[in-house]
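Student: My questions are about this predicted structure, shown below with the sequence.
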Amino acid sequence: MIADRVRAIWCRELRRDEIADDDDFFALGGQSVIMARIQGAFIEELGVEVPMDQMFRNATVASISSYIESLDAVAP
Amino acid sequence: MILQGKRVALPSAPVVHQRFEAHAKATPDAVAVLCAGERVTYAELNARANRFAHFLAARGHGRGAKIGVCLDYSIDMVVVILGTLKAGAAYVPLDPSYPAARLQLLLGQIPGLALIVASRATAGLVESAAVEVIAVERLPGHLAGLPANDSDVPVTGDDVCYAVFTSGSTGTPKLTAVRHEGWFNLMNWLALEYRLDRGSHNLVVSAFGFDLSQRSLLTPLFCGATQHLMASRNFDAAMAYRMLSEHGIRTVHCASSTLYLLVDWETARGGDALSRLDYVLFGGEPLKVERILDWARREGNTCTLLHQYGVAECTDVATSYDLADYRPGEHDIAPVGRPAYNTDIHLLDERMHGVGEGEYGEVCISGASVGAGYLGGTGPESERFTTVMVDGVPRRLYRTGDRGRVTPAGELVVAGRMDAQVKVRGMRIDPTDIERALGRLAGVREAAVVIGHTDSGEAELIAFVVPAGEDLTENDVRTRLLETLPRNMVPVRFINIPRIPLSPHGKVDRPALADAYRNQYAHSGATA
């Protein structure tokens, strides 16, 4: 499941134990610097480069996961 | 104590767009702007900007008028900016990443706002009953058949070219105006001092509302080079780094915190696109030099790093320092160097007398770069623009509120503020502005905002809230605040407290709150 891997990255970078699928990144206190680290982690760990504008537009685990799934190019 | 910038003669009418027009004549087929695979030559860009200038003139918008620009980076944005200047008017950048409520507040503070240019994507943010909003997608229709010759509106160095919103200390953002002479002087200094020319291709990496973005946007067009724009509303390190590698970019202007992100990117993944730039011109906030020093000293790094200081009220940049001169043992803080051409730095005490050698004083700026002041402003902030006598001659001067001293080598060092204002990721922030927004939320009786620091030393905003009834929850307060404030003005922590501590003078006791945060809350989960 992409969503599990995305959630693990969010939890690590936002320093939270739990994040729900529909929690908003910015409501969780996320900022652009953290978003940049998550973008890097997606490249390293999932093998996908997600444009920053998409990261801002899809600011929940559920939403960004389905965006990534739609790219159909995730590294195992 | 005065640091004097070199005196360099300017043309009798130092008007920014005329330098661009000269390039359009000399190198009409050179590429002026590249964005998302589209390109425009100097001649085409000049013709389109001229049509926009004629369009404005036909509607009666000329000298003194303000044109709001709420657009994402695009070739059309550059057309609108240049056309506005050619018409003798000034543009006001309106950052489309801001919430609509914030943009509406800003719109109400633009005297002489004549027109807003938006796009289909941004028009909803700046809808206005008071002023016409035109969609950039409809520009071709508006401009068809209009003449493409250079506008002959007389423009002087004293006319306002742009105005940007800055933070004050009164809880409302202020609109500060820059004059053509100041902007021309700034770009002329960069071009001559650092030999920027037709080959100095630039990539814009900063958000449109910043003063530094205005300089980043126009400098390559002032020098005859190619401007590269990212089709991204938010800073995108992956996209930026790829463009640096693939497009022969030579210069980048950015906030220090953006430079850290680019350095981290290159360091983590290898590559040398950043290290091989001619220049990164950066600053805008206290530099954490250890974030970049290892990278900067790495073998093969040939990029000249210019650590710069300035304020929006005085055309963005006042001083510049080559970081190659930095010696960790010698300097506790990285200097910001020596003044721009035709710009002087004064270090003054509270009676407006010069301080002694090596002593701290308030950094004040005089010379060509001093702006036209706050538009529509008669508040206490306007008194920061004042006149002093230097050798019996009156000089217009701006008091920045920054504390500084001069090193024995004659370089300016800036160390903090004289007041509570702070910088967070390059943006000047007035805590009372945020307190006011918090105070308007239902369930909040009172609020105070102070500065904390992350483990890596970066400034972050901490809010203390006094609930009107039940304790407030962090996510709820933050979500509601995001509807009215730009993201980087929204605090990272919200802490419920029973009352706001006051100093003996009855003001918010910020030091006490900052101490309380450091000692009690910074490493606990006891937040709202």
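Tutor: Happy to help now that I have it.
Student: drop to CA atoms for contacts and neighbour counts, all remaining ones
Tutor: Will do.
Student: Give me the neighbour count for A:Ile34.
Tutor: 15 (other Cα atoms under 10 Å in any protein chain shown).
Student: where does chain A come near chain B, residue by residue?
Tutor: Counting by Cα under 8 Å from any Cα of the partner chain, the residues of chain A lying close to chain B are A:26-31, A:33, A:36, A:39-40, A:49, A:51-53, A:56.
Student: change it to 7 Å
Tutor: Residues of chain A lying near chain B by Cα under 7 Å from any Cα of the partner chain: A:27-29, A:36, A:51-53.
Student: show me where the chain has helices.
Tutor: Because you didn't say which chain, this covers chain A. For chain A, applying DSSP state H gives helices covering A:2-14, A:32-41, A:52-57, A:61-71.
Student: nope, chain B
Tutor: Under DSSP H, chain B gives helices at B:16-26, B:42-58, B:75-86, B:100-107, B:139-143, B:180-193, B:211-223, B:237-246, B:256-269, B:293-297, B:431-439, B:474-482, B:510-516.
Student: Pull up the residues of the stretch 151-300 of chain B that are close to chain A.
Tutor: Residues of the stretch 151-300 of chain B lying near chain A (Cα under 7 Å from any Cα): B:232-237.
Student: buried sites along the helix or strand bottoming out on mean pLDDT in chain A?
Tutor: Within chain A, no helix or strand scores below helix A:32-41, which has a mean of 91 by mean pLDDT, DSSP states H and E. Within helix A:32-41, the residues that count as buried by 16 or more other Cα atoms under 10 Å in any protein chain shown are A:32, A:35-41.
Student: and stretch B:435-450, what's its mean pLDDT?
Tutor: In this model, stretch B:435-450 has an average pLDDT of 91.
Student: Could you work out the end-to-end span of it for me?
Tutor: One end of stretch B:435-450 sits 10 Å from the other (Cα to Cα, to the nearest Å).
Student: rewinding a little: okay, the helices of chain A, which one's buried deepest?
Tutor: helix A:32-41 (a mean of 19; mean count of other Cα atoms under 10 Å in any protein chain shown).
Student: Next, the angle helix A:2-14 makes with that helix.
Tutor: Note on geometry: by axes from the mean of the first three to the mean of the last three Cα atoms, to 10 degrees, helix A:32-41 and helix A:2-14 are set 140 degrees apart in direction.
Student: thinking again about what came up before, hmm, who's touching the least confident helix or strand of chain A?
Tutor: A:9-10, A:13, A:50, B:237 (Cα atoms under 7 Å, 6 or more residues apart in numbering or on different chains).
Student: Please give the centre-to-centre distance between it and its chain.
Tutor: For helix A:32-41, the gap between its own C-alpha mean and the chain's C-alpha mean amounts to 9 Å (Cα atoms, centre = their mean, to the nearest Å).
Student: Just the CA trace of that helix, in PDB.
Tutor: Output in PDB follows, covering the C-alpha atoms of helix A:32-41 (Å, rounded to 0.1, in the frame of the first residue of the first chain):
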ATOM      1  CA  SER A  32       7.300  24.300   3.300                       C
ATOM      2  CA  VAL A  33      10.700  23.200   4.600                       C
ATOM      3  CA  ILE A  34       9.200  19.900   5.900                       C
ATOM      4  CA  MET A  35       7.300  19.500   2.600                       C
ATOM      5  CA  ALA A  36      10.700  19.800   0.800                       C
ATOM      6  CA  ARG A  37      12.100  17.000   2.900                       C
ATOM      7  CA  ILE A  38       9.000  14.800   2.200                       C
ATOM      8  CA  GLN A  39       9.500  15.500  -1.600                       C
ATOM      9  CA  GLY A  40      13.100  14.300  -1.200                       C
ATOM     10  CA  ALA A  41      12.000  11.200   0.700                       C
END
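Student: hmm, back to that, which of the residues of the stretch 151-300 of chain B next to chain A sits closest to B:Val153?
Tutor: B:Val153 lies nearest to B:Arg233 out of those, by Cα to Cα, at 33.3 Å.
Student: how much space between that closest one and B:Arg338?
Tutor: B:Arg233 is 34 Å from B:Arg338, by Cα to Cα.
Student: which of those two has more neighbours?
Tutor: Neighbour totals were compared for B:Arg233 and B:Arg338, and B:Arg338 leads with 25 against 19 (other Cα under 10 Å).
Student: beta partners for the more buried one?
Tutor: When assigned by DSSP bridges, B:Arg338 has beta-bridge partners B:Ser320.
Student: follow-up on the earlier one: just put the residues of chain A next to chain B in CSV and tack on distance to A:Thr60.
Tutor: Listed next are the residues of chain A next to chain B as CSV, based on distance: Cα to Cα, whole Å:
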residue, distance to A:Thr60
A:Ala27, 10
A:Leu28, 10
A:Gly29, 13
A:Ala36, 15
A:Pro51, 15
A:Met52, 14
A:Asp53, 14
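Student: Can you tell me which of those is nearest B:Pro96?
Tutor: Closest to B:Pro96, out of all of these and judged by Cα to Cα, is A:Asp53, at 12.3 Å.
Student: who's in contact with the closest one?
Tutor: B:232-234.
Student: swap in B:Ala57?
Tutor: B:Ala87.
Student: Kindly provide the distance from it to B:His142.
Tutor: 13 Å.
Student: do B:Val336 as well
Tutor: Taking Cα to Cα, one finds B:Val336 at 46 Å from B:His142.
Student: And for B:Leu10?
Tutor: Distance of B:Leu10 to B:His142, given as Cα to Cα: 36 Å.
Student: same question, B:Gln421
Tutor: 44 Å.
Student: cool, and B:Glu285?
Tutor: Taking Cα to Cα, one finds B:Glu285 at 42 Å from B:His142.
Student: ok, these two, which is more surrounded?
Tutor: For B:Glu285 versus B:His142, neighbours defined as other Cα under 10 Å are more numerous around B:Glu285 (22 against 14).
Student: got a list of what that one touches?
Tutor: B:256, B:423, B:426.
Student: Dihedrals phi and psi, it?
Tutor: phi -160, psi 160 (degrees, to the nearest 10).
Student: And it, how far from B:Ile429?
Tutor: From B:Glu285 to B:Ile429 the distance is 11 Å (Cα to Cα).
Student: residues shared between the contacts of these two?
Tutor: Contact criterion Cα under 7 Å, 6+ apart; residues shared by B:Glu285 and B:Ile429: B:Lys423.
Student: per the record, what domains does chain B have?
Tutor: B:41-155, B:430-521 (automatic domain parsing).
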